[in-house]
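just coords:
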């Protein structure tokens with residue numbers, strides 16, 4: 001990380017201000033409303049860049065070389081970009097259209113649910129007597145555009161807030177690269193109130209448990225790599241995701257039903273992406289060899305206890321953790337080991353184009 005001293009000072013003051021203010025109403029475009037029609041990220045970003053004005057414009061439009069472009073965060077904090085609560089309604093809609101351009105229809109629906117979940121979490125923490133519960137706000141999701149949006153140019157954008165980080169790099173004619181992509185949920189399962197039983201990321205747990213149920217005792221002994229979790233995903237928010245070795249059991253050593261369930265799990269995560277990205281990610285996994293994909297688990301096998309898993313292959317790392325808040329708090333991340341934040345594809349594009 002390369003935090004700036006000024007940013008640290010601003011963040012401290014802003015967080016204190018957030019804790020003392022009244023609740024911000026959830027943007028109608030963020031959840032509970034019809035999803036905007038899918039459009040290209042270039043068109044969506046250009047529309048927002050043209051529409052945002054004043055101080056919000058200074059926050060939203062940043063140089064491509066800005067340090068924040070390759071530093072995601074999934075905790076509640078003041079971050080680079082402009083929050084929804086500081087945008088006029090037309091620009092809120094434009095920001096949500098930009099988010100929609102970086103996700104599938106189902107991925108966008110989940111993102112809206114994650115934003116709306118802040119209202120639930122705020123009420124839970126208020127009831128628990130948490131002093132700074134007011135930091136849980138649907139209006140505190142930030143949009144940043146890095147560089148100038150154009151179809152043939154290099155630029156990027158991020159939509160990010162608590163438990164949601166969508167990072168997109170546009171590499172000229174090679175188009176969009178959507179990675180890293182983070183979805184989280186706290187609570188993972190709502191235990192009381194009007195939303196009792198709600199599980200935003202249910203499939204992420206259930207499909208992995210379905211795979212674990214298919215393993216023999218001997219296989220489980222190799223799949224489970226640690227008796228306890230690290231209390232988060234291993235790579236956290238590091239700009240470059242690196243795990244030194246492939247742990248667990250490789251798809252090539254699995255039975256046909258086991259391999260089919262692993263593939264179902266991977267495709268469930270890939271379904272968060274727009275169709276072109278989904279196809280590209282899955283094609284690269286197949287080209288590198290699906291049999292090289294490894295599945296590993298840590299922590300308890302008992303439902304409701306701390307657990308973690310990852311799917312790790314030559315091109316991708318998927319991590320999931322449910323450890324915090326008594327194992328009722330999910331973090332999940334798709335890392336593209338070649339193309340995060342543009343990666344190799346961006347470097348090749350920049351090398352081929354005179355600047």
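That came through fine. Keep in mind the model is a prediction, meaning the values are calculated, not measured.

Okay, helices next: where are they in this structure?
For the chain, helices defined by DSSP state H occupy the ranges 5-20, 41-51, 54-60, 89-101, 105-128, 202-214, 217-223, 256-270, 275-288, 324-327, 343-352.

Please identify the most buried of those helices.
When these are scored by mean count of other C-beta atoms under 10 Å, the highest mean neighbour count falls to helix 89-101 (a mean of 23). Every residue, glycine included, has its C-beta placed from N, CA and C.

Out of the helices of the chain, flag the one nearest residue 168.
Among the helices of the chain, helix 41-51 comes nearest to residue 168, with 5.9 Å by C-beta to C-beta.

could you give the mean pLDDT of that closest one?
Average pLDDT, helix 41-51: 98.

what packs against it?
Applying 3 or more C-beta pairs under 8 Å, 6 or more residues apart in numbering; DSSP states H and E, one finds that helix 41-51 makes contact with helix 89-101, strand 142-146, strand 154-161, strand 164-171.

Output the below-cut-off pLDDT ranges for the stretch 1-150 of the chain.
1-38 (pLDDT under 70).

contacting residues around the closest residue to residue 254 other than its chain neighbours?
Spatially, and ignoring its direct neighbours in sequence, residue 254 is nearest to residue 262 (6.6 Å; C-beta to C-beta, 6 or more residues apart in numbering). With contact set as C-beta atoms under 8 Å, 6 or more residues apart in numbering, residue 262 has these partners: 211, 251, 254, 293, 295, 311.

next one: residue 184
74, 114, 162-164, 201, 329-332.

And these, which is closest to residue 176?
residue 164 (17.7 Å).

measure that closest one to residue 333 for me?
11 Å (C-beta to C-beta, to the nearest Å).

for the record, mean pLDDT for stretch 213-228?
98.

picking up where we left off before, out of the helices of the chain, which is closest to residue 173?
Using C-beta to C-beta, the helices of the chain put helix 343-352 closest to residue 173, at 7.8 Å.

Give me the average confidence score over the closest one.
Rounded mean pLDDT across helix 343-352 is 61.

again with stretch 244-257
97.

the longest strand in this structure is where?
Counting residues, the longest strand found in the chain (DSSP state E) is strand 176-185.

Run the chain-centre distance for it.
Counting by C-alpha atoms, centre = their mean, to the nearest Å, strand 176-185 is centred 4 Å from the centre of its parent chain.

That strand: which residues count as buried?
Residues of strand 176-185 classed as buried by neighbour count (16 or more other C-beta atoms under 10 Å): 176-185.

can you redo the helices and strands packed on helix 41-51 as JSON lines with distance to residue 46?
Shown next, in JSON lines, are those (distance: least, C-beta to C-beta, whole Å):
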{"stretch": "helix 89-101", "distance to residue 46": "10"}
{"stretch": "strand 142-146", "distance to residue 46": "9"}
{"stretch": "strand 154-161", "distance to residue 46": "10"}
{"stretch": "strand 164-171", "distance to residue 46": "11"}
